[in-house]
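**Student:** here is my input; please provide its structure:
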Amino acid sequence: MSAQRTLRRSIPCAGIGLHSGRKVKLTLKPAVADHGVRFSRSDLGGLEIAATVTNLASIHYATGLAREQGSVETVEHLLAALSSLSVDNVTVELDSPEVPIMDGSAAPFVYLIHEAGMKRLAAPRRYLKVLRPISLSQGDKRIAVYPSDHFKVTYSISFDHPMLRHQSRTVRLTEETFVEDIAPARTFGFLKEVETLRQRGLALGGSLENAIVLNETGVLNNALRFDDEFVRHKILDVVGDLALVGHPIVGHVVAHRGGHALHTAFAARILAETDAWKLVEAPVEPSVEDVPVAVPVGSAARLAN
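**Tutor:** Residues are numbered from 1 along each chain as shown. Now for the predicted structure:
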């Protein structure tokens, strides 16, 4: 798909913030070409915060953005869904400073986008094509991107826990693979860390309904959606965090033991190394037309309901 896209109509949802515990109403709204993804705080007079690296704020177990006196937290799951479904232009209106966590995955946002439908715009989409490797390391954590003809992600994780000592997965990201294989993967955390997080004012909205919670030997809540759901969720996170680059990436991202701080720092590194990539676009038909999008019949649709 070489043309920019937006939503065909507005669509609302409601939920709670994972870390704030506050109720929030969110509405996805269509936008014009080259508008990009912008968060609009209706409780702050419509203050807009563009989803770009320049607006990065503090990273506390989630990705946050800020501009002037406004902020928005936990943006990564929604950004992953928007970028993977090629929604280039949208206003995300919300009345609270945190995107709702929903079920801890991106599947509910996929469902919303499909329900809204998509419209093709008469403007070309610009892709960031990687020309040479770019890398970043922080201790034993590392991430890099290599030239490729597609957007691919290879991710590996290692934890001192019997259920996820080591997991690794490679996926070529398309709309289909994201919807079926990545979007349903939920965020996860360790029971022993919950009380510490809450003392710091974090995870106040977390529950067994919106996160995988692990004790010393296993999972406390319902069964996993995938045997390797943990590393799939890490892929979901890095896709959302790298959306802050502002253009779809054509390259192979390889990450080991990363997190939001590393992902977002890498997004900034990519933009800084201007000789390592170029922006490319494809010709676009001059007509503007709606893009028919069916509600997916696979796992993401079932889990979002």
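**Student:** Gly70 touches Arg41, doesn't it?
**Tutor:** Yes: under the criterion of C-beta atoms under 8 Å, Gly70 makes contact with Arg41 at 4.9 Å. Heads up, the C-betas are built off the backbone N, CA and C, glycines and all.
**Student:** overlap in contacts, the two.
**Tutor:** Both Gly70 and Arg41 are contacted by Leu47, Ile49, Pro97, under the criterion C-beta atoms under 8 Å, 6 or more residues apart in numbering.
**Student:** for the first one, name its beta-bridge partners.
**Tutor:** What that stands for is Leu47. Arg41 (DSSP bridges).
**Student:** distance check, it against Arg41.
**Tutor:** Going from Leu47 to Arg41 by C-beta to C-beta, to the nearest Å gives 5 Å.
**Student:** give me the common contacts of the two.
**Tutor:** With C-beta under 8 Å, 6+ apart, Leu47 and Arg41 have common neighbours Gly70.
**Student:** so the two - more neighbours on which side?
**Tutor:** More neighbours surround Arg41 than the other of Leu47 and Arg41, with 21 against 16 (other C-beta atoms under 10 Å).
**Student:** so the more buried one sits right up against Glu68, yeah?
**Tutor:** No: applying C-beta under 8 Å as the test, Arg41 and Glu68 come out as separate, 10.1 Å apart.
**Student:** show me where the stretch 201-305 of the chain has its helices.
**Tutor:** Under the criterion DSSP state H, counting those that start in this stretch, the stretch 201-305 of the chain carries helices at the ranges 229-242, 260-272, 299-304.
**Student:** looking at the ones you listed, which is buried most?
**Tutor:** Comparing the helices of the stretch 201-305 of the chain by mean neighbour count (mean count of other C-beta atoms under 10 Å), helix 229-242 comes out on top with a mean of 25.
**Student:** who does that one touch, helix- and strand-wise?
**Tutor:** The helices and strands touching helix 229-242, judged by 3 or more C-beta pairs under 8 Å, 6 or more residues apart in numbering; DSSP states H and E, are helix 76-84, strand 152-158, strand 166-172, strand 188-190, strand 252-256, helix 260-272.
**Student:** what's the mean pLDDT across the first one?
**Tutor:** Rounded to a whole number, the mean pLDDT of helix 76-84 is 98.
**Student:** mean confidence for the very next helix or strand once past that helix?
**Tutor:** As assigned by DSSP states H and E, the chain's next helix or strand after helix 76-84 is strand 90-94. Averaging pLDDT along strand 90-94 yields 98.
**Student:** now do strand 90-94: which elements does it pack against?
**Tutor:** strand 23-30, strand 37-41.
**Student:** identify the residues contacting it?
**Tutor:** By C-beta under 8 Å, 6+ apart, the list of residues contacting strand 90-94 from outside reads 6-7, 24-31, 35, 37-42, 48, 72, 78, 82, 99.
**Student:** same question, stretch 241-250
**Tutor:** 36-37, 51-53, 56, 63, 76, 79-80, 82-83, 86, 125-130, 145, 148-151, 253, 260, 263-264, 266-267, 270-271, 279-280.
**Student:** sorry, back to before: which among the helices of the stretch 201-305 of the chain is found nearest to Met118?
**Tutor:** When the helices of the stretch 201-305 of the chain are compared by C-beta to C-beta, helix 299-304 sits nearest Met118, at 15.7 Å.
**Student:** fine, thanks again, bye for now.
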